[in-house]
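Peer 1: Dropping the sequence and predicted coords here.
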Amino acid sequence: MIRTFLILGIVVLVAGALFGTLLGVVGVVIGFLFKVVLLGGAVYLVVRLISPATAHRLREKFEDKTLPHL
């Protein structure tokens, strides 16, 4: 019975460590993507202020043509 509790405890510790590591990696990836989105938005804002025609061309280039516009 003690062996069962020890094995269960070890499994819980290993699972917790793996889950924590997984959440840490996911957090780093989400943080990186958030920074990329913020940087891209800032660059687009500057381009839009300096050259609205270029911003319009960029928007047309990256706009999704498959979805209907609402």
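Peer 2: Cool, the structure landed. Residues are numbered from 1 along each chain as shown.
Peer 1: Off-centre distance for whatever helix or strand V46 lives in?
Peer 2: Using DSSP states H and E, V46 falls within helix 2-50. Chain-centre distance of helix 2-50: 8 Å, with CA atoms, centre = their mean, to the nearest Å.
Peer 1: Which neighbouring elements make contact with that helix?
Peer 2: If you count contacts as 3 or more CB pairs under 8 Å, 6 or more residues apart in numbering; DSSP states H and E, helix 2-50 packs onto helix 52-62. The C-beta positions use only the backbone N, C-alpha and C, and glycine is treated the same way.
Peer 1: elements contacting the helix it packs on?
Peer 2: helix 2-50.
Peer 1: and the helix it packs on with helix 52-62, angle?
Peer 2: 140 degrees (axes from the mean of the first three to the mean of the last three CA atoms, to 10 degrees).
Peer 1: and helix 2-50, what's its mean pLDDT?
Peer 2: Averaging pLDDT along helix 2-50 gives 93.
Peer 1: Quick check: the residue nearest the centre of the chain vs L22, distance?
Peer 2: The centroid of the chain falls nearest to I30 when counting by CA atoms, centre = their mean (3.1 Å). Per CB to CB, to the nearest Å, I30 is found 12 Å from L22.
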